[in-house]
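Student: sequence below, structure please.
(2 chains)
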Amino acid sequence: MNKALLLGNEAVARGLYEAGVTVVSSYPGTPSTEVTEAVTKYDEIYSEWAPNEKVAFEVASGACIAGARSFCAMKHVGLNVAADPLYTLSYIGVNGGMVCAVADDPGMHSSQNEQDSRHHAIAAKVPMLEPCDSSECLNFAKLGYDLSEQFDAPVLLRLSTRVSHSRSLVTLSDRVEKELKPYVKNPMKTVMMPAMARKAHVVVEQRTKDLTQWADTTAVELGVNSIEYNDKKIGIIAAGTSYTYAREAMGEKASYLKLGMVNPLPVNLIKEFAANVEKLYVIEELDDIIETHCLKIGVSVIGKERFSLLGEFSQDTVRKALEQDNPPFVSFDEDVPPRPPVMCAGCPHRGIYYALKKYNLYVSGDIGCYTLGAQAPLAMIDTCICMGASVSSLHGFNTARGTEQAKKSIAVIGDSTFIHSGITGLIDIAYNKGISTVIVLDNSITGMTGHQNNPANGFTIKGDPTTAVNLEALARAVGINRVSVVDPFDIDGVRAVAERELAAEEPSLIIARRPCALLKSVKHNPPLVVNKDKCVGCKACLQVGCPALYQTVNSDGKMRAEIDLNQCVGCEVCAKACKFGAITKGE
Amino acid sequence: MAQVKNILIVGVGGQGTLLASKLMGKCFVDKGYDVKVSEVHGMSQRGGSVVTYVRYGEKVYSPVIEKGEADIIIAFEQLEAARWLEYLKPDGILIANTQRIDPMPVIMGAAKYPENILEKLEQKGVKVISVDALDLAVKAGNPKSTNVVLLGVTARFLGFERDMWIDIIRSTVPEKMLDINVNAFDLGYNA
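Tutor: Predicted coordinates for the structure are as follows:
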């Protein structure tokens, strides 16, 4: 047997490979990103980064209509962007199978909300599988294609942070090549105009009934939904991570109904399990989906009265709720200061924020590494809603508050996020005669998700050179006449351009261009040094918020700036903040 | 081994905690155990407090380690040792790098970095193995090999032979970094 220790996300990719998938299109988003990155290692599969999740889903839709097995991956909020094609592809169905992986983030390790993507599966009326470890990631990814083709539906594969980002053992099999299914023109099936859609909806409702029956029968035979009877005083219904926590906490002190398919949910299986245990709990992270289903089919359960709607669970959560003992531990007696994430030493975003901080601007923020500029000491960001919202919501803010406010307001958005959905907001500004000033922080990479190429940086997912979106020309083409390019480390230059463009009663786009400091292609300067005779300990340099810069006690007993030689990359933003010339180039 | 062993690796994003957990994961798989290694990707990686959970045994269910469950905590930084202390079993081992990295609230003067953390932990009866791993990493040839120094220290408590670890390092790290990493492992192993 060929075993491997794979991340859940890598195991999904392996499942796609073994299932004979040939087309993959995704937009990066934590915790889903590594699925598609792992796919690039398989030469048999075409893979790409799409500009956003809607495009990715539509590319996968087209490929499955063409007769291929196709795939796309996204984080939970990405599925909101892709919801439009999802809900209608549900009516159309597939030709080759299609699976879409959606990764939830309970506890919000790297997200702006904690939504439960099972709601989308229910609302779009499509089957959803939920693996609990890497082995199931691989097997459920493959099973998804059989289900998709058997029931003529796109299938959602629900991941979560702990499943995506934990490594566990999988058994590898060979790839089974799937021949392209023939494409036959069939407007009744694939053109969703009202007349066709009304007929398709009937099919969709019947499909859900058929899938429910599958969940009660075949899913049990396949072990996708399974019952483990131990002590029958306590019965637990759970799926995914919640199952692993419950099984860990309770061992053989409870019986389990483990659900691998979370939409549609079984009916008879739950009733059978409920009849065989004394006290029945539903343990599910986030919303009360399984619990509500149980109540609907007349099975009474204990769910959210004991378990929170918020955050991540663990074995500890389960033990507490089920009144079991938790292990003893030792505590540290003093306050431990928090360690929030920060922009890296040498991050180009820091230069822009530091340069603009003195103007006291309203800053409409967006999703990316630059969101970290919301924290002290830069504390620049006023809002962060969703991908692309910085640009369009700035237009709304300025429209509501008028011209003078617009001269004190900017939007900041990264290159990848701008392509994702910032450009449509910019079109809105130009078309509707707004005067907003938008800054694209172009660091030539999709940063926060771990360095993915994007349509603006000139490289494909595999690192091959390709055409790059010309941001300057794009802005001009949509009607922005004032387009400037600045170097974010040129603090005076940034200020001069920002003052000029904020004053203009016309829309402006400023492109702050400098590649991410973590890119291998970026050459660093030697670390800077502090001249302890010149430093007066005023802390002005600390206002740039660089993790490589701090104060220590000098030999004369006074607090003086110090630079961490292992972190500093010599960007000189702090040197520009020092009025005494105490921070200088190193050797 | 019926009992699942739990190892918590904590540090600051960018310190290379993921390589240490990857090497350990490979080791435990080679030894025939069921293994789960849970990592942190994304936003927290940017200089934030990071944690990796490594669990191995006959059958591992949960991907995470909870309070009072860790047999070993490997702290890449002192403050992180204090932050995650509650996850250690009362009779567990805390392997702590003596390195201090100030978090932003401390740099800005909004919070205080507790003094003499490791001494205070020892006074509480915690079994602390403290090591200046950064210094040993520099001696090994690269400050970035701090992670492998700490792996070397940890290996002393895991009961597997040195040569097996060296083979795993050999099969994982790039050729040009191999000597540095083997040196780093041995400096930790013999420290």
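
Student: what does the model give the nearest residue to A:Met74 once chain neighbours are set aside for pLDDT?
Tutor: Spatial nearest neighbour of A:Met74, excluding adjacent residues (Cβ to Cβ, 6 or more residues apart in numbering or on different chains): A:Glu53 at 4.3 Å. (Glycine included, C-beta is placed from N, CA and C.) On the pLDDT scale, A:Glu53 is placed at 98.

Student: surely A:Glu53 touches A:Ala83?
Tutor: No. The pair A:Glu53 / A:Ala83 is not scored as a contact, 9.1 Å apart, by Cβ atoms under 8 Å.

Student: more neighbours: which of the two?
Tutor: Using other Cβ atoms under 10 Å in any protein chain shown as the criterion, A:Glu53 and A:Ala83 rank with A:Glu53 on top: 32 against 16.

Student: and the more buried one, what does it touch?
Tutor: A:Ser26, A:Tyr27, A:Gly29, A:Cys72, A:Met74, A:Gly78, A:Leu79, A:Val81, A:Ala82 (Cβ atoms under 8 Å, 6 or more residues apart in numbering or on different chains).

Student: kindly report the same for A:Ile583.
Tutor: A:Leu528, A:Val529, A:Val530, A:Asn531, A:Cys535, A:Cys541, A:Ala561, A:Ile563, A:Glu572, A:Cys574, A:Ala575.

Student: mind checking the SS state of the nearest residue to it once chain neighbours are set aside?
Tutor: Among residues not flanking A:Ile583 along the chain, A:Ala575 sits closest, at 4.1 Å (Cβ to Cβ, 6+ apart). The three-state label given to A:Ala575 by DSSP: H, G, I helix; E, B strand; the rest coil is helix.

Student: tally of neighbours for A:Ala575?
Tutor: 19.

Student: and for A:Val553?
Tutor: For A:Val553, using other Cβ under 10 Å, the count is 10.

Student: then A:Lys181?
Tutor: By other Cβ under 10 Å, 17 other residues sit near A:Lys181.

Student: now do the SS call for A:Leu441.
Tutor: Per three-state DSSP, A:Leu441 ends up strand.

Student: try A:Arg158
Tutor: Taking three-state DSSP, the label given to A:Arg158 is strand.

Student: how many residues are close by it?
Tutor: As a burial measure, A:Arg158 scores 27 neighbours (other Cβ under 10 Å).

Student: which phi and psi does the spatially closest residue to A:Ile289 that is not a sequence neighbour have?
Tutor: Nearest-residue entry for A:Ile289: A:Arg118, 4.9 Å, with adjacent residues in sequence omitted and distances by Cβ to Cβ, 6+ apart. Note on A:Arg118: its backbone torsions stand at phi -60, psi -30 [degrees, to the nearest 10].

Student: who's in contact with A:Arg118?
Tutor: Applying Cβ under 8 Å, 6+ apart, we find A:Arg118 in contact with A:Met128, A:Arg158, A:Val262, A:Asn263, A:Leu286, A:Asp287, A:Ile289.

Student: if you set the cut-off to 10 Å instead, what comes out?
Tutor: Applying Cβ atoms under 10 Å, 6 or more residues apart in numbering or on different chains to A:Arg118 gives the contacts A:102, A:104, A:128, A:130, A:156, A:158, A:239, A:262-263, A:265, A:284, A:286-287, A:289-290.

Student: my guess is A:Ala504 contacts A:Arg482. True?
Tutor: Yes. Between A:Ala504 and A:Arg482 there is a contact under Cβ atoms under 10 Å: 6.0 Å.

Student: what do those two both touch?
Tutor: A:Ile435, A:Thr437.

Student: name the single longest helix found in chain B.
Tutor: helix B:17-30 (DSSP state H).

Student: list the buried ones in that one?
Tutor: B:17-29 (16 or more other Cβ atoms under 10 Å in any protein chain shown).

Student: now check the helix or strand bottoming out on mean pLDDT in chain A, is it near chain B?
Tutor: The helix or strand of chain A with the lowest confidence, counting by mean pLDDT, DSSP states H and E, is strand A:549-553 at a mean of 93. Yes. Using Cβ under 10 Å from any Cβ of the partner chain, strand A:549-553 comes into contact with chain B via A:Leu549, A:Tyr550, A:Gln551, A:Thr552.

Student: ditto for stretch A:255-262
Tutor: No. Between stretch A:255-262 and chain B, judged by Cβ under 10 Å from any Cβ, nothing touches; the nearest distance is 10.7 Å.

Student: doesn't A:Ile511 fall inside a strand?
Tutor: Yes. Counting by three-state DSSP, A:Ile511 falls inside a strand.

Student: is it true that it touches A:Ala473?
Tutor: No. Applying Cβ under 10 Å as the test, A:Ile511 and A:Ala473 come out as separate, 11.3 Å apart.

Student: neighbour count for these two, which is higher?
Tutor: In this view A:Ile511 and A:Ala473 are compared by other Cβ under 10 Å, and A:Ile511 has more residues nearby, 18 against 10.

Student: for A:Val262, what are phi and psi?
Tutor: Torsion angles, degrees, to the nearest 10, at A:Val262: phi -100, psi 0.

Student: count of residues packed around it?
Tutor: Neighbour count for A:Val262, taken as other Cβ under 10 Å: 24.

Student: B:Ile95 now?
Tutor: 25.

Student: ok, now A:Glu149?
Tutor: As a burial measure, A:Glu149 scores 20 neighbours (other Cβ under 10 Å).

Student: ok, B:Asp102 next?
Tutor: Neighbours of B:Asp102 using other Cβ under 10 Å come to 21.

Student: how close does it get to A:Glu562?
Tutor: According to Cβ to Cβ, to the nearest Å, B:Asp102 and A:Glu562 sit 10 Å apart.

Student: also A:Asn186?
Tutor: Taking Cβ to Cβ, one finds A:Asn186 at 71 Å from A:Glu562.

Student: next: A:Leu222.
Tutor: 61 Å.

Student: got it, and A:Pro488?
Tutor: From A:Pro488 across to A:Glu562, the span is 24 Å (Cβ to Cβ).

Student: out of those two, which sits in the more crowded spot?
Tutor: A count of neighbours by other Cβ under 10 Å puts A:Pro488 above the other of A:Pro488 and A:Glu562, at 25 against 18.

Student: pull the number of nearby residues for residue 112.
Tutor: As the question left the chain open, I've gone with chain A. A:Gln112, neighbours per other Cβ under 10 Å, totals 15.

Student: I was thinking of chain B, sorry if that wasn't clear
Tutor: B:Lys112 - counted by other Cβ under 10 Å - has 11 other residues nearby.

Student: again with A:Lys576
Tutor: Neighbourhood size, A:Lys576 [other Cβ under 10 Å]: 18.

Student: for chain B, see how far away the closest residue to it other than its chain neighbours is.
Tutor: Leaving out its chain neighbours, the residue that sits closest to A:Lys576 by Cβ to Cβ, 6+ apart is A:Ile491, at 4.9 Å. Going from A:Ile491 to chain B by Cβ to the nearest Cβ, to the nearest Å gives 20 Å.
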